[in-house]
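Asker: this is a predicted model, with the sequence first.
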Amino acid sequence: MNSQKLVCAVAAVTITSAAMGLILTPAAFAKAPIEVTAKKLPERIKMVSYADLNLATAAGERTLETRVRGAVRYVCDDRKIGHAWGEYQACRTFAWRGAEPQMQLAVRRAHDIAANGKSEIPAVALAILGTRYHR
């Protein structure tokens with residue numbers, strides 16, 4: 001008796017699944033395509049390598065900061081991408097806010113390696129991003 005109930009239950013699930021497969025075909029979900037458009041903001045990116053620096057030292061950190069300062073200047077230079085003064089300052093703020101956490105991770109990685117011989121933080125170049133702000 002129990003095996004007969006099991007066979008009936010399996011048959012019911014199989015038939016229901018097959019019926020759902022016929023009803024819920026991909027065509028049933030097809031809708032008109034959605035098109036998304038946005039105004040692309042011009043961006044400038046400058047990669048900053050620190051592979052040659054010992055960031056576990058103050059001198060290494062200062063050198064990294066000098067490189068990042070130059071990269072921020074590059075991505076936000078008003079003569080290069082036509083910023084008004086306020087937009088130039090906003091770009092610099094944006095670039096530094098993105099750079100600082102990356103710098104902190106790079107320094108933490110260097111200190112981990114100095115203390116433990118290894119770090120879980122991957123070695124990557126910093127990506128300094130500047131963007132134009134449109135009114």
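Answerer: Sure, I can see it. Residues are numbered from 1 along each chain as shown.
Asker: what about the closest residue to R44 other than its chain neighbours, helix or strand, and which?
Answerer: In space, and not counting its chain neighbours, R44 is closest to V75: 4.0 Å by Cβ to Cβ, 6 or more residues apart in numbering. Bear in mind the C-beta positions are built from the backbone N, C-alpha and C, glycine included. Assigned by DSSP states H and E, V75 belongs to helix 58-76.
Asker: against which helices or strands is that helix packed?
Answerer: Packing contacts for helix 58-76, counted by 3 or more Cβ pairs under 8 Å, 6 or more residues apart in numbering; DSSP states H and E, involve strand 43-48, helix 85-116, strand 126-131.
Asker: quick one: mean pLDDT over that helix.
Answerer: Mean pLDDT, computed over helix 58-76, is 95.
Asker: and what of stretch 47-54?
Answerer: For stretch 47-54, mean pLDDT rounds to 95.
Asker: buried stuff in the helix holding V75?
Answerer: Neighbour-count burial for helix 58-76, counted by 16 or more other Cβ atoms under 10 Å, picks out G60, E61, T63, L64, R67, V68, R69, A71, V72, Y74, V75, C76.
Asker: give me the contact list for that helix.
Answerer: With contacts defined as Cβ atoms under 8 Å, 6 or more residues apart in numbering, helix 58-76 is touched by 44-46, 48, 50, 53-55, 80, 83, 88, 91-92, 95-96, 99, 103, 106-107, 110, 126, 128-130.
Asker: can you tell me which of the buried residues of helix 58-76 lies closest to S119?
Answerer: For the buried residues of helix 58-76, the residue nearest S119 by Cβ to Cβ is G60; the value is 15.0 Å.
Asker: quick check, pLDDT for the residue lying closest to V72 once chain neighbours are set aside.
Answerer: Nearest residue to V72 in three dimensions, chain neighbours excluded: A95, at 4.4 Å (Cβ to Cβ, 6+ apart). Looking at A95, its pLDDT is 94.
Asker: just L6 next, same as before
Answerer: If you check L6, the pLDDT there is 44.
Asker: what's the answer for E43, then?
Answerer: 71.
Asker: partners of it in the sheet?
Answerer: Counting by DSSP bridges, E43 is bridged to T131.
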